[in-house]
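Participant: Using only what follows, build the 3D model:
(2 chains)
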Amino acid sequence: MKSRRIYNRISVLREERDVSRKELAERIGVNFQTVGYLEREEYNPSLDLAFRISEYFNLPVELIFSTEPLRPMSEELLNHKNIERG
Amino acid sequence: MKVAISKPNRRIAVVANYGCVLLFLASFYIGKYYGWSVEVIAGAIVTAATAVITFIILHIRTRLWKLVHTKAEKLDERQIQVTHESLRYSYAIFTVVSLLVLMCIALSAGRHNSNLILVFASLLYLAHTLPSSVMAWTEKEV
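Facilitator: Predicted coordinates for the structure are as follows:
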């Protein structure tokens, strides 16, 4: 079975929090090259690794990973605000 | 120090490495059966040296040798996936090459030694049934 492409926001979150690939790799228990593969969406993480990443960033897993292309965070925030205003 | 080599260059190094090993073997057998002339000795030395150099560049400096020889517990999930995939291909290629070599030996000595044909047939059977036998042995449900 060919797996689907899983989109993610790892690189945006990592840069936002000023964390190096090596540092993130050490915290989530993978090789630093694997972080590169994840960021380029060339490797789909296991459920365990996806949860470890979401725990590290302290965000829900569905905010970091998606089966559809992710919109920029600013756009998501604006959309969320518009929904709140009604 | 780990050296990054592009995929096309790595493929060239793989072909060059195996090509040099084959040429070295050819030089060795030419020397053994037709005599060790200066050209044959030079050919053997050059191919052996090139094989060693390409081996170091391809396997040691890229650390690929270390990666495929590291215990699974020390690798992350992507590395395990990559090494398992490479071992899967390697098993298939090694089996085909070994059986072809054995088949050539069995056919050439077939009339004189029928045991070799039986060995070839047994190994062919083992190569095809071993993966599912291991799975039958280890898996809880299939």
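
Participant: Who are the contact partners of A:Y37?
Facilitator: Applying CB atoms under 8 Å, 6 or more residues apart in numbering or on different chains, one finds that A:Y37 lies in contact with A:Y43, B:R78. (Glycine included, C-beta is placed from N, CA and C.)

Participant: In CSV, please show the C-alpha coordinates belonging to the strand or helix carrying it.
Facilitator: Using DSSP states H and E, A:Y37 falls within helix A:32-39. The C-alpha trace of helix A:32-39 is given here as CSV (Å, rounded to 0.1, in the frame of the first residue of the first chain):
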residue,chain,number,x,y,z
PHE,A,32,19.0,15.1,13.1
GLN,A,33,18.7,14.1,9.4
THR,A,34,15.3,12.6,10.2
VAL,A,35,14.1,16.1,11.2
GLY,A,36,15.2,17.3,7.8
TYR,A,37,13.3,14.5,6.1
LEU,A,38,10.2,15.3,8.2
GLU,A,39,10.4,19.0,7.4
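
Participant: If you count neighbours, what's buried in it?
Facilitator: By neighbour count on 16 or more other CB atoms under 10 Å in any protein chain shown, the buried set for helix A:32-39 is A:T34, A:V35, A:Y37, A:L38, A:E39.

Participant: Just give me the closest of the residues you listed to B:D76.
Facilitator: A:T34 (5.4 Å; CB to CB).

Participant: For that closest one, give me its contacts.
Facilitator: A:T34 neighbours (CB under 8 Å, 6+ apart): A:A25, A:Y43, B:D76, B:E77, B:R78, B:Q79.

Participant: and which of the residues you listed is nearest to B:T70?
Facilitator: Looking across these and measuring by CB to CB, the closest to B:T70 is B:Q79, at 8.0 Å.
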